[in-house]
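Novice: quick one, what's the 3D model for this:
(one chain, ligands or ions: 1)
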Amino acid sequence: MTEKDFIPSEPFTSLESGVINSKAPSNIALVKYWGKFPDQIPANPSISFTLNHCTTSTTVAYDKKSKPSDKASFEFIFEGQPKPEFEPKLQTFFERTSRYLPFLINYHLKISSSNSFPHSSGIASSASAMAALATSLVELERKHNPGMDQEFANLKSSFLARLGSGSACRSISGSLVVWGAHEDIHGSSDLYGIPFPGNIDKVFQDYQDTILLVHRGQKQVSSTVGHKLMEGHPFASQRFKQAHANLKDIKEIMTNGDMDAFIALVEREALTLHAMMMTSSPYFILMKPNTLSIIESVWDFRRETSLPLCFTLDAGANVHLLYPVQYKDKVLQFIKNELVAYCENGQYICDQIGSGTKIS
Ligand code: PMV
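Specialist: Sure thing, here's the model as predicted:
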């Protein structure tokens, strides 16, 4: 598929007003996306688990205007309050997507959103927010054009979500999503995420992600700035090659359930992401001392118990602990005994892999 396939060709029937509700999860990358080209094209392919409980719920109320406008007409309410600081990002999203959603000029949109987790804390709140919004807008298109099938609707939602925030395109479907063209993954594309096309070993089917909230405040460096610092980064081309190789390896691991290989690959990816940040110009560190304390404790726990618990990191200080569901009680006990002390206000979120964005 190319960009052109997402430009609607159908003439639209007229709808007056209505409301669409969607709920989209966040996702956690196993092989990370870090570095991009214009229009949100990733510098390397990535793969993520779709989450279940960390979600954004969005209501889009659409109201037909007396005459079409030349640009998107919208208002944005976040957790019950107007949020003017989020409007420029939404404006950019509507500009980038106007070719693909031409009918929007006929409407005023009232977008209301709320998160089940703190925004800008390293949990990808822009991913769930953009996935929810894109899915609602595709649902609005489907109301005009009921012939659109679910598979195409998912691809288009992912395509549009990517234009809002790259990794958002991996939150539409579940439970394991690939985004970025990779020679060994059939159907993979830089334009949208696809469900992992191979078999997933049963050990990964109920995988848990417990997110330790080490630092809930605003990050000092946004991911937009971080991606940009990969331009001219001395290790960029090696890193992009490594991500391709890691995706090839994880494809096998997901199918054969090799836990040791999974742990080594996922932790290496997390540390490589942060190594890129620590070696860019200017350099920066998003981990906090407690992030490192948690990593050391996880390594000790693994040595002592031989349980397959591993960590990954996003662009922030929080730590995602990944493990099979059968070890949930033991891991939660370990968290309560040893790791809660490293969490801001003792807070952590128990999540697990999920199936993607839903319209309700
Ligand atoms: O989608 P963005 O622009 O917020 O970038 C997210 C990048 C990472 O979360 C660090 C990695 C990833 O693949 O999700």
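Novice: number of nearby residues for residue 49?
Specialist: 28 (other Cβ atoms under 10 Å). The way it works is simple: take the backbone N, C-alpha and C, and place the C-beta from them, glycine included.
Novice: adjust the sequence numbering to begin at 3 for everything that follows.
Specialist: Shifting the count to begin at 3 puts that one at residue 51.
Novice: tell me the secondary structure at the residue in the stretch 103-252 of the chain that the ligand sits nearest to.
Specialist: Residue nearest to the ligand within the stretch 103-252 of the chain (Cβ to the nearest ligand atom): residue 169, separated by 3.2 Å. Residue 169 falls in the helix class when you classify it by DSSP: H, G, I helix; E, B strand; the rest coil.
Novice: read off the pLDDT value for the residue nearest to residue 112 when sequence neighbours are not counted.
Specialist: With Cβ to Cβ, 6 or more residues apart in numbering as the criterion, residue 112 has its nearest non-adjacent residue at 4.2 Å, and that residue is residue 63. Model confidence at residue 63, given as pLDDT, is 98.
Novice: same thing with residue 125?
Specialist: 70.
Novice: try residue 12
Specialist: 67.
Novice: and the residue nearest to residue 112, what element?
Specialist: Using DSSP states H and E, residue 63 sits within strand 48-66.
Novice: near the ligand, which residues of the chain?
Specialist: By Cβ under 6 Å from any ligand atom, the residues of the chain that approach the ligand are 31, 34-36, 48, 126, 128-129, 167-169, 225, 229, 275, 316-317.
Novice: helices of the protein, residue ranges please.
Specialist: Using DSSP state H, the helices of the chain run over 89-99, 127-146, 152-166, 225-230, 238-258, 261-280, 291-307, 330-336.
Novice: quick one on the thing from earlier: now do the residue nearest to residue 112 against the ligand, distance only.
Specialist: 27 Å (Cβ to the nearest ligand atom, to the nearest Å).
Novice: and that residue, what is it in contact with?
Specialist: Shown in contact with residue 63 (Cβ atoms under 8 Å, 6 or more residues apart in numbering): 19, 20, 21, 111, 112, 114.
Novice: neighbours of the first one, how many?
Specialist: Okay, so that is residue 19. Residue 19, neighbours per other Cβ under 10 Å, totals 10.
Novice: pull the contacting residues for it.
Specialist: With contact set as Cβ under 8 Å, 6+ apart, residue 19 has these partners: 63, 64, 65, 66.
Novice: against residue 329, how distant is the first one?
Specialist: What that stands for is residue 63. 44 Å (Cβ to Cβ, to the nearest Å).
Novice: so what's residue 180 bridging to?
Specialist: In this entry, residue 180 is beta-bridged to residue 49, residue 196, by DSSP bridges.
Novice: also residue 22?
Specialist: In beta-bridge terms (that is, DSSP bridges), residue 22 pairs with residue 62.
Novice: how close does the residue in the stretch 253-362 of the chain that the ligand sits nearest to get to residue 189?
Specialist: Proximity of the stretch 253-362 of the chain to the ligand (Cβ to the nearest ligand atom) peaks at residue 317, 3.8 Å away. Distance of residue 317 to residue 189, computed by Cβ to Cβ: 27 Å.
Novice: which residues of the stretch 53-202 of the chain score low on pLDDT?
Specialist: 120-124, 126 (pLDDT under 70).
Novice: about what we covered before: now, among the residues of the chain next to the ligand, which is nearest to residue 81?
Specialist: Nearest to residue 81 among those is residue 128, at 15.2 Å by Cβ to Cβ.
Novice: what number of residues lie near the closest residue to the closest one other than its chain neighbours?
Specialist: With sequence-adjacent residues excluded and distances taken as Cβ to Cβ, 6+ apart, residue 128 is closest to residue 167, at 4.0 Å. Look at residue 167: counted by other Cβ under 10 Å, it has 24 neighbours.
Novice: can you report phi and psi for residue 167?
Specialist: With angles defined as degrees, to the nearest 10, residue 167 sits at phi -160, psi 120.
Novice: contact partners for it?
Specialist: Residue 167 makes contact with 42, 126, 128, 129, 131, 132, according to Cβ under 8 Å, 6+ apart.
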